[in-house]
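> Any chance you can model this:
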Amino acid sequence: MSTPRPIDSPPRGARVLRRCAQGCAAAATVALLAVSPAAGDLPAVGQKAATRKAPDCSVRKSTTLQANRHVRVFRTTDDFVWGCRRTADRAFRLGDWGECQNSDVVSNVEVAGTYAAWISTTCGLDFSAESIELANLRTGRFAFRSSPILPFAATERTFEGIRRIVVDDRGVVAWTASRSAGAKTIAIEVRRRTRASGGASVVVDSDLAIDTDSLRRKGHRITWRKGGETFSAAL
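Now for the predicted structure:
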């Protein structure tokens, strides 16, 4: 793991669930450990997503969520989210759009090369959960999944949320996440997927002074702000 340094100085795993007052509105929180690959209909890591016909990665009346010259991620009028290579004739289902009740709702989509990364949120009558998802839109296979922060810490007042995500063209995804106990933030981390086969979630930095909205990617490096300084690390 690269050691983060100030720029100006020399050179689905565990899931976190929260109770909701109504539907999925934030309220008192509860954390549970789940080792299933994902809630809802998402395939396990290594498995291929469901497909639909999409000539030249296009579907009538679809709305683009994120795209580059290689791939496009879009939602359709039936509130599904799909991704595909621009030259492909089939799209892969990445999740759902809109209400998270018994769904895997997609948000904060980022793309690089043929990879797409996003936050997936699912909820029932009394809980919600977030995870990082990564798929290779060349193959349609889910490549990585992680809870916001590890190791998992289950208490009835704990909630973990993902703030920002970035991904590079090799499929290395990084994100900022926080852990709260009641109204108090007790942990903030910058994490990334390792480049090893299969990948794993590792800590890049951990400090309550981290600005969770400051994460940025440039090439194969990331930067973030902490205590008024900008830090950098390799992906």
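
> Contacts for the helix or strand F159 falls within, please.
Using DSSP states H and E, F159 falls within strand 158-167. For strand 158-167, contacts defined as C-beta atoms under 8 Å, 6 or more residues apart in numbering pick out 16, 18, 26, 29-31, 108, 110-112, 115-119, 130, 132, 134, 147-149, 173-181, 212-217, 222. From N, CA and C alone the C-beta is placed, and that goes for glycine too.

> Same question for stretch 200-210.
Residues from elsewhere that reach stretch 200-210 (C-beta under 8 Å, 6+ apart): 1-2, 4, 13, 132, 146-147, 150, 174, 176, 185, 187-194, 222, 224-227, 231, 233.

> Would you mind putting the CA coordinates of it into PDB?
What follows is stretch 200-210, C-alpha atoms only, in PDB (Å, rounded to 0.1, in the frame of the first residue of the first chain):
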ATOM      1  CA  ALA A 200      -9.500  -6.300  -1.600                       C
ATOM      2  CA  SER A 201     -10.500  -3.200   0.400                       C
ATOM      3  CA  VAL A 202      -7.500  -1.500   2.000                       C
ATOM      4  CA  VAL A 203      -7.100   1.700   4.000                       C
ATOM      5  CA  VAL A 204      -5.200   4.600   2.300                       C
ATOM      6  CA  ASP A 205      -5.700   7.100   5.200                       C
ATOM      7  CA  SER A 206      -7.800   7.200   8.400                       C
ATOM      8  CA  ASP A 207      -8.300  10.500  10.200                       C
ATOM      9  CA  LEU A 208     -11.300  12.500  11.500                       C
ATOM     10  CA  ALA A 209      -9.800  15.600   9.800                       C
ATOM     11  CA  ILE A 210     -10.300  14.100   6.300                       C
END
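
> now the contacts of stretch 200-210: which count as buried?
4, 13, 132, 146-147, 150, 174, 176, 187-193, 222, 224-226, 231, 233 (16 or more other C-beta atoms under 10 Å).

> how about Y115, what does it touch?
Y115 sits in contact with 71, 134-137, 143, 167-171, 173, where contact means C-beta under 8 Å, 6+ apart.

> Just put these in a markdown table and tack on distance to A91, secondary structure and pLDDT.
Below are these laid out as a markdown table (distance: C-beta to C-beta, whole Å; DSSP: H, G, I helix; E, B strand; the rest coil; pLDDT from 0 to 100):
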| residue | distance to A91 | secondary structure | pLDDT |
| --- | --- | --- | --- |
| V71 | 10 | strand | 98 |
| L134 | 17 | strand | 96 |
| A135 | 11 | strand | 96 |
| N136 | 14 | strand | 97 |
| L137 | 9 | coil | 97 |
| A143 | 17 | strand | 93 |
| V167 | 19 | strand | 97 |
| D168 | 23 | coil | 96 |
| D169 | 20 | coil | 95 |
| R170 | 23 | coil | 94 |
| G171 | 19 | coil | 94 |
| V173 | 21 | strand | 96 |
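
> got the residues you listed as CSV, with neighbour count and distance to D41 columns?
Formatted as CSV, the contacts of Y115 follow (neighbours: other C-beta atoms under 10 Å; distance: C-beta to C-beta, whole Å):
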residue, neighbour count, distance to D41
V71, 24, 21
L134, 23, 17
A135, 30, 14
N136, 20, 19
L137, 26, 18
A143, 19, 18
V167, 26, 22
D168, 22, 28
D169, 14, 28
R170, 13, 27
G171, 21, 22
V173, 28, 21
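
> Out of those residues, flag the one nearest to L94.
Minimum distance to L94 across these is 6.2 Å, recorded for A135 (C-beta to C-beta).

> my guess is that closest one meets A49, correct?
Yes - with contacts counted by C-beta atoms under 8 Å, A135 reaches A49, the gap being 6.6 Å.
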